[in-house]
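Q: Provided below for reference: sequence and predicted model.
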Amino acid sequence: MSDAAPTGLLLVNLGTPDDPSEAAVRRYLREFLSDPRVVDLSPVARWLLLHFVILPLRPAKSAEAYRKIWTEAGSPLLVHGRALADGVQARLGSRWQVRLAMRYGSPSIPEALDAFEAEGIHRIVLFPLFPQYASSTTGSAVQRTFEAAADREIVPAISVVPPFFADAGYLESQAALAREAMARKAPEHVLFTFHGLPIRQVKKADLTGAHCLEQPGCCEVEQPANRMCYRRHCFETARALAERLELDAGRWSLAFQSRLGRAAWLEPYTVDALTELARSGIRSVLVVAPSFVADCLETLEEIGLRGAEVFRQAGGEHFQLVPAVNASEGFVETVARLAEAMAP
């Protein structure tokens with residue numbers, strides 16, 4: 001019988017405060033928004049923005065929002081993440097050791113690597129839980145993991161699961177949840193909402209500097225200039241889900257949420273899309289948020305509460321938010337399969 005150490009699987013999501021207090025949210029936002037991949041300004045400009053604009057005001061507002069969705073078990077993002085890790089561990093068995101980490105907050109990436117090291121695990125598959133690639137999510141998680149690993153006497157062998165925005169298992173997991181909602185109440189329109197990004201960050205992924213948002217239909221066909229483009233990944237995910245849900249072209253649309261600051265971000269904005277749908281006569285809408293694999297503040301509060309209110313105030317009547325894939329059976333199988341394919 002082999003006594004080889006198991007392979008480590010590190011699932012990484014964005015992060016969450018330790019609790020919904022203003023102090024905990026401030027700590028979390030300070031770490032999150034100090035990341036130069038998230039706020040890609042000069043160090044001085046980033047520091048001034050964070051300490052003179054964001055931290056004096058935003059923690060109180062964000063803490064209030066977190067309290068609306070916090071559960072007895074804790075942060076929904078963390079609860080769903082732990083359930084996913086447990087499900088994947090059961091699926092993969094003793095040949096693997098699965099751990100969950102957050103890019104910001106706790107449990108941290110260095111803590112997870114410490115645990116692997118203590119268990120004699122030096123082969124790790126890193127799984128950033130972001131279907132569509134962005135420097136501020138996948139890029140940051142990969143960078144932090146490799147930085148934390150490089151400080152060790154024994155640097156582990158790490159392989160990275162690539163963006164899975166077009167993976168059939170991921171798409172079917174999300175589509176199955178949407179079908180369940182549609183069976184309860186057939187919507188007039190389906191809105192796919194993705195986390196937004198500043199335009200400048202989207203364009204940075206185009207190394208040619210001449211394609212992204214410069215050419216008509218720049219996201220319609222994959223080519224070298226847009227291969228790692230977040231916007232193209234979002235469009236491809238939305239189109240694939242619409243096809244699986246058998247939606248005609250006029251019955252679905254795409255929008256971007258969670259804008260921060262005054263810079264130009266990807267459009268249309270989700271809040272505007274919901275308003276326009278209601279004003280155009282759409283009375284029932286189904287909202288799917290495929291860039292989030294775990295329900296969190298951005299799905300439950302921003303869309304599920306505030307988005308629903310915006311839609312109804314504009315004349316809409318029936319609003320449904322499809323759950324994230326969370327720890328659904330299909331997504332557990334998808335994560336396990338993709339991890340096995342990348343085992344070093």
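A: That came through, no problem. Values in this document were obtained by computation on a predicted structure and should not be read as measured data.

Q: Now residue 39: closest residue in space, sequence neighbours ignored.
A: residue 46 (4.9 Å; Cβ to Cβ, 6 or more residues apart in numbering). C-beta coordinates here come from the backbone N, C-alpha and C atoms, glycine included.

Q: what helix or strand does the one you found sit in?
A: Using DSSP states H and E, residue 46 maps to helix 43-49.

Q: Can you list the helices and strands that that helix packs against?
A: In terms of contacts (3 or more Cβ pairs under 8 Å, 6 or more residues apart in numbering; DSSP states H and E), helix 43-49 is packed against no helix or strand at all.

Q: how about the helix or strand following it: buried residues?
A: Next helix or strand after helix 43-49 toward the C-terminus (DSSP H and E): helix 58-69. Of the residues in helix 58-69, 58-59, 62-63, 65-66, 69 count as buried by neighbour count, 16 or more other Cβ atoms under 10 Å.

Q: Which secondary structure elements does the following helix or strand past helix 58-69 sit against?
A: Later in the chain than helix 58-69, the nearest helix or strand by DSSP H and E is helix 76-92. Using 3+ Cβ pairs under 8 Å, 6+ apart as the contact criterion, the elements in contact with helix 76-92 are strand 7-16, strand 96-105, helix 329-341.

Q: of all those, which lies closest to residue 269?
A: strand 7-16 (20.4 Å; Cβ to Cβ).

Q: List the buried residues of stretch 264-277.
A: Applying 16+ other Cβ under 10 Å to stretch 264-277 flags 265-266, 269-271, 273-275, 277 as buried.

Q: hmm, back to that, could you give the average pLDDT over the helix holding residue 46?
A: For helix 43-49, the mean pLDDT works out to 96.

Q: in the helix or strand hosting residue 28, what counts as buried?
A: According to DSSP H and E, residue 28 maps onto helix 22-33. Residues of helix 22-33 classed as buried by neighbour count (16+ other Cβ under 10 Å): 22, 24-29, 31-33.

Q: circling back to that earlier point, who touches the residue nearest to residue 39 in this structure?
A: Residue 46 sits next to 33-34, 36, 39 when contact means Cβ atoms under 8 Å, 6 or more residues apart in numbering.

Q: before we move on, what SS does residue 307 have?
A: Per DSSP: H, G, I helix; E, B strand; the rest coil, the local secondary structure of residue 307 is helix.

Q: Look up how far residue 39 lies from the residue lying closest to residue 155 once chain neighbours are set aside.
A: Among residues not flanking residue 155 along the chain, residue 149 sits closest, at 5.6 Å (Cβ to Cβ, 6+ apart). Using Cβ to Cβ, to the nearest Å, we find residue 149 at a distance of 25 Å from residue 39.

Q: mind giving me the domain ranges of this protein?
A: Under the assignment automatic domain parsing, the domains of the chain span 7-164+328-341, 168-321.

Q: And the first one, how far out from the chain middle?
A: In terms of Cα atoms, centre = their mean, to the nearest Å, the gap separating the centre of domain 7-164+328-341 from the centre of its chain is 10 Å.

Q: if you go through the stretch 101-250 of the chain in chain order, where are the helices?
A: With helices called from DSSP state H, counting those that start in this stretch, the stretch 101-250 of the chain shows them at 109-118, 140-150, 168-184, 199-204, 230-244.

Q: Go through those helices and pick out the most buried.
A: Highest mean neighbour count among these (mean count of other Cβ atoms under 10 Å): helix 230-244, with a mean of 22.

Q: in this protein, which ranges drop under the pLDDT threshold?
A: The chain contains residues with pLDDT under 70 at 1-3.

Q: one more time with 80
A: Scanning the chain for pLDDT under 80 picks out 1-3, 344.

Q: So which residues make contact with stretch 270-278?
A: Under Cβ under 8 Å, 6+ apart, the answer for stretch 270-278 is 189, 191, 193, 253, 255-257, 285, 287, 303, 306-307, 310-312, 314-316.
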